[in-house]
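1. One predicted model, sequence on top.
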Amino acid sequence: MIRMFKSKDYVQAVEFVDFASIQLIIQLTGMGMTLDVSPTGSLRSITLKNGTTTVVAIPGQFVYKTNTGTVGVCSREYLQENFEEVTGTE
């Protein structure tokens, strides 16, 4: 018999869009952050650091934190393919 098992893992994620999303990302990860801003003032990327862990995100990507505390960056497609969203739509 083939058995199928469902993962009990979950992630919380925030889409990195602009300066407004930075506070939510800090709240989610608890990590220090540096910004890469172009000479014209547009936000090019953020770098999250915590000890030996470094994560870089560009606008349009999602910053996530798993139930085990792992922080990473991914696309919306990755989240949709690997997790069922349980957040209510507003």
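-> On my side now, so go ahead.
2. Tell me where the protein has helices.
-> Here the chain has its helices, by DSSP state H, at 22-29, 76-82.
3. Would you mind finding the most buried of the ones you listed?
-> Ranked by mean neighbour count under mean count of other CB atoms under 10 Å, these are led by helix 22-29, which reaches a mean of 16. All C-beta spots, glycine's among them, are computed from the backbone N, C-alpha and C.
4. and that one, what other elements does it pack with?
-> Using 3 or more CB pairs under 8 Å, 6 or more residues apart in numbering; DSSP states H and E, the elements in contact with helix 22-29 are strand 11-15, strand 32-37, strand 43-50, strand 62-66.
5. give me that answer again for 6 Å
-> The contact analysis (3 or more CB pairs under 6 Å, 6 or more residues apart in numbering; DSSP states H and E) places helix 22-29 against strand 11-15, strand 62-66.
6. what's the last one packed up against?
-> Helices and strands touching strand 62-66, by 3+ CB pairs under 6 Å, 6+ apart, are strand 11-15, helix 22-29, strand 71-74.
7. what's the closest non-adjacent residue to residue 55?
-> Using CB to CB, 6 or more residues apart in numbering and skipping the chain neighbours, the partner closest in space to residue 55 is residue 48 (4.5 Å).
8. looking at the helices and strands packed on helix 22-29, which is buried most?
-> Comparing those by mean neighbour count (mean count of other CB under 10 Å), strand 62-66 ranks first with a mean of 20.
9. Each with direction, which strands does it pair with?
-> If you go by DSSP bridges, strand 62-66 pairs up with strand 11-15 (antiparallel), strand 71-74 (antiparallel).
10. in this structure, what spans have low per-residue confidence?
-> Where the chain drops to pLDDT under 70, the residues are 1-7, 88-90.
11. in it, which residue is closest to the centre?
-> Centroid-nearest residue in the chain, with CA atoms, centre = their mean: residue 63, separated by 1.0 Å.
12. Surely that one is in contact with residue 25?
-> Yes: using CB atoms under 6 Å as the test, residue 63 is close enough to residue 25 to be in contact (5.0 Å).
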